[in-house]
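>>> what would the 3D arrangement of this be:
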Amino acid sequence: MQDLAYTLIVATAALSALLIVATAALRGWNGWLGFKHAELGRPGEGGQPSAVARIEVADLRERVRKLEAIAAGVDL
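Numbering: from 1, shown residues only. Have a look, this model is predicted:
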């Protein structure tokens, strides 16, 4: 009988610990999703591109222009 009581106590404690860990993990996951949702919905991000983005686009355009010149057989 004492062995059964010990087993029940250990099983209850393990189940409680699992419940606590699962609750903490789900709250963390929910917080992370809320953070990402707020990050994506930030105002001002869809309007003007930043200076870095404009520089990257200009660099890509220059690369495309050079590749088109190479494909056409023109030396730069």
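>>> work out for me the element the residue nearest to the spatial centre of the chain sits within.
Central residue of the chain (CA atoms, centre = their mean): residue 36, 7.1 Å from the mean position. Assigned by DSSP states H and E, residue 36 belongs to helix 2-40.
>>> please state the offset of that helix from the chain centre?
22 Å (CA atoms, centre = their mean, to the nearest Å).
>>> and for stretch 65-76?
With CA atoms, centre = their mean, you get 39 Å for stretch 65-76.
>>> list the buried ones in the worst-scoring helix or strand of the chain on mean pLDDT?
Ranked by mean pLDDT, DSSP states H and E, the weakest helix or strand in the chain is helix 51-72, scoring a mean of 90. Neighbour-count burial for helix 51-72, counted by 16 or more other CB atoms under 10 Å, picks out no residue. In short, each C-beta sits where N, CA and C put it, glycine included.
>>> list the helices and strands it packs on?
Helices and strands touching helix 51-72, by 3 or more CB pairs under 8 Å, 6 or more residues apart in numbering; DSSP states H and E: there are none.
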